[in-house]
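Engineer: Using only what follows, build the 3D model:
(chains A and B)
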Protein chains: 2
Amino acid sequence: MTQPPEFDDTFRERLHDLLVWRRDVRRFRTDVLPQGVVETLVDEAILAPSVGYSQPWRFVTVRNPARRTAVYKNFLACNRDALEDYKGEQAKLYASLKLSGLDTAPEHLAVFVDNATNSGHGVGRKTMPETLPYSVVMAVHTLWLAARARDIGVGWVSILDSERVKAILEAPEDWSLVAYLCIGYPEEEHTDPELERYGWQDHDPQSSALLKR
Amino acid sequence: MTQPPEFDDTFRERLHDLLVWRRDVRRFRTDVLPQGVVETLVDEAILAPSVGYSQPWRFVTVRNPARRTAVYKNFLACNRDALEDYKGEQAKLYASLKLSGLDTAPEHLAVFVDNATNSGHGVGRKTMPETLPYSVVMAVHTLWLAARARDIGVGWVSILDSERVKAILEAPEDWSLVAYLCIGYPEEEHTDPELERYGWQDHDPQSSALLKR
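Structural biologist: So this is what the prediction gives:
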């Protein structure tokens, strides 16, 4: 193909719907996903941009029950610890929030950045080295959208000790955890974030302001 | 709408095309973009996920010629400095690469993270505080895809001193630069990264491997 396809209004509207219905899912059905679907999602994810074409993303499916349990226990410990930062009504509300689907999601996918990769030969990373993990974040986001387009939900769990998760998964020394994802069919479908629905945080008007310089 | 729209095979194929044709553009036509298009892209971008619904992205359009020139000069200085890391043939190749479209892109958009935001009340950020800038990266990626769906190209310039750019733009103290974007109509359309086309970096097979744990 030498010319890009025509992206028309219908496609743009559907893409908008995809962004609206893409949610951070924590309530999963336990149904297993079709064979090969995680591989398909990873194939889409690696189309993401990366600094200097470094392609530093590394994907790890976590299916071993002992490892999955260890990650879940780490989440529970970190979440208990986080709860201590809140007081009164806010603490009650925090305790009632469902902040991960690690207990039910059929697939766990850990996504690391390979800090030692030589791919890209350092282009663009001298002044802003943080663009290496940022590249991995764009792969995660690509996977998220590709999943939603297949009616599959993704939830990003960050209430984890990333060094501990790295040890549980016996990941190579040069890798750092960027995201730990739960993947599966959602129990419910929503266009509003769960944290908004349960009264934790509303839309922040600052986030849509456009400053002029 | 209480049920998500049906995402069918046609949409999934077109979404795949979008990911394939989304490129880091550095060769822009100088034509101005239609009135309001940057605002439209920002409206799409803020549909991105964010840790604890913190929505920490802050957008700044840069249209003042003196500021734009100052940013471009900063890029040239940082790029000269980066060139010194390469020797021989690699240095020659590096010097020949076009690494930014700051000189021709009609729009410059700086995207910051607001480190001081209280939105989200810290949820998910205690153990992995890096998820705050990561949220901004997902907004950038969303904007990138929304632009490509409108035949508009985006290029992310990271060969910049982010503190200097922040000073040039007189950004609030609590903000940090995440991405400096060039936006405009591309001069050329490609499915392969420019760095691959010019022989700097090929596809890295490590990046598509799926480790099992």
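Engineer: can you tell me which residues contact the most centrally placed residue in chain A?
Structural biologist: Centroid check for chain A by C-alpha atoms, centre = their mean gives A:Trp156 as the closest residue, at 3.8 Å. Contacts here follow C-beta atoms under 8 Å, 6 or more residues apart in numbering or on different chains; on that basis A:Trp156 touches A:Asp24, A:Val140, A:Trp144, A:Ala179, A:Tyr180, A:Leu181, B:Pro49, B:Val51, B:Thr131. Just so you know, the C-beta spots here come from the backbone N, C-alpha and C atoms, and that holds for glycine as well.
Engineer: 7 Å instead, please
Structural biologist: A:Trp156 is in contact with A:Asp24, A:Ala179, A:Leu181, B:Pro49, counting by C-beta atoms under 7 Å, 6 or more residues apart in numbering or on different chains.
Engineer: Show me just the buried residues among those residues.
Structural biologist: A:Asp24, A:Ala179, A:Leu181, B:Pro49 (16 or more other C-beta atoms under 10 Å in any protein chain shown).
Engineer: With respect to B:Cys78, which of the residues you listed is nearest?
Structural biologist: A:Ala179 (29.0 Å; C-beta to C-beta).
Engineer: beta partners of that closest one?
Structural biologist: Counting by DSSP bridges, A:Ala179 is bridged to A:Val111.
Engineer: And it, how far from A:Thr117?
Structural biologist: Counting by C-beta to C-beta, to the nearest Å, the separation of A:Ala179 from A:Thr117 is 17 Å.
Engineer: What of A:Trp200?
Structural biologist: 37 Å.
Engineer: Can you identify each of the helices in chain A by residue range?
Structural biologist: A:9-21, A:37-45, A:65-83, A:88-96, A:131-148, A:162-168, A:194-197 (DSSP state H).
Engineer: Okay, buried residues for the longest one please.
Structural biologist: Judged by neighbour count using 16+ other C-beta under 10 Å, the buried positions of helix A:65-83 are A:Arg67, A:Arg68, A:Ala70, A:Val71, A:Tyr72, A:Asn74, A:Phe75, A:Cys78, A:Asn79, A:Ala82.
Engineer: Check the last one too.
Structural biologist: Buried residues in helix A:194-197, counted by 16+ other C-beta under 10 Å: A:Glu194, A:Leu195.
Engineer: could I get it in PDB with only the CA atoms?
Structural biologist: Provided in PDB are the C-alpha atoms of helix A:194-197 (Å, rounded to 0.1, in the frame of the first residue of the first chain):
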ATOM      1  CA  GLU A 194     -15.500   3.900  38.000                       C
ATOM      2  CA  LEU A 195     -13.900   6.500  40.300                       C
ATOM      3  CA  GLU A 196     -16.300   9.100  39.000                       C
ATOM      4  CA  ARG A 197     -19.300   6.800  39.300                       C
END
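Engineer: could you give the mean pLDDT of that helix?
Structural biologist: Averaging pLDDT along helix A:194-197 yields 93.
Engineer: ok, and does that helix reach over to chain B?
Structural biologist: Yes: Helix A:194-197 is in contact with chain B by C-beta under 7 Å from any C-beta of the partner chain, via A:Leu195, A:Glu196.
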